[in-house]
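Colleague: Here is a sequence together with a model predicted from it:
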Amino acid sequence: DAHPDPQRRWIVGVIYGGLYLIVALFAAPLAGLFIAMPPGALAVLTGLALIGPLTGALSGAMADPNHREAAVIAFAATASGVALFGIGSAFWGLLAGFVALAFLRWRR
């Protein structure tokens, strides 16, 4: 959210700039820590970091009851990792979702 007074919105930019400088001071040791971690531990940390965005995206996709089936089909096709004809699963997930949505709209 932005400050109601447009003349005072610059303060947040200065604060964030200072915080970025502090984070930059510790970037090299932090990168070394991540490089030294075992791959399994790094995968766990990455998975934990992605729980929030994943739940937000899934709840947004499932919000409309008319589109739930198509959203689940698109997610399942994308998560399957299937690559056909050299085309990745992201494309096939979108295609499956669009086909499912078109079929469901036609059926209703």
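Modeller: Everything's here; your move. Numbers count the residues shown, from 1 in each chain.

Colleague: Show me the domain layout of the protein.
Modeller: When the chain is parsed into structural domains using the TED database, the resulting residue ranges are 1-36, 40-107.

Colleague: Scan the chain for its longest helix.
Modeller: helix 89-107 (DSSP state H).

Colleague: one step back: just say which of the domains of the chain is most tucked in.
Modeller: Per-stretch averages of neighbours, counted by mean count of other CB atoms under 10 Å, single out domain 40-107 among the domains of the chain, with a mean of 13. From N, CA and C alone the C-beta is placed, and that goes for glycine too.

Colleague: Report the distance from that one to the chain centre.
Modeller: Domain 40-107 has its average C-alpha position 11 Å from the chain's average C-alpha position, going by CA atoms, centre = their mean, to the nearest Å.

Colleague: Please name the nearest non-neighbouring residue to residue 2.
Modeller: In this structure, residue 2 finds its nearest non-sequential neighbour in residue 9, 5.6 Å apart by CB to CB, 6 or more residues apart in numbering.

Colleague: wait, the one you found sits on residue 3?
Modeller: Yes: under the criterion of CB atoms under 8 Å, residue 9 makes contact with residue 3 at 4.9 Å.

Colleague: ok, the nearest residue to residue 67 once chain neighbours are set aside to residue 56 distance?
Modeller: In space, and not counting its chain neighbours, residue 67 is closest to residue 101: 6.5 Å by CB to CB, 6+ apart. Summarising the geometry, the distance separating residue 101 from residue 56, computed by CB to CB, to the nearest Å, is 21 Å.

Colleague: Equivalent analysis for residue 102, please.
Modeller: The separation that residue 102 has from residue 56, given CB to CB, amounts to 26 Å.

Colleague: again, but for residue 62
Modeller: Going from residue 62 to residue 56 by CB to CB gives 11 Å.

Colleague: Right, I'll leave it there.
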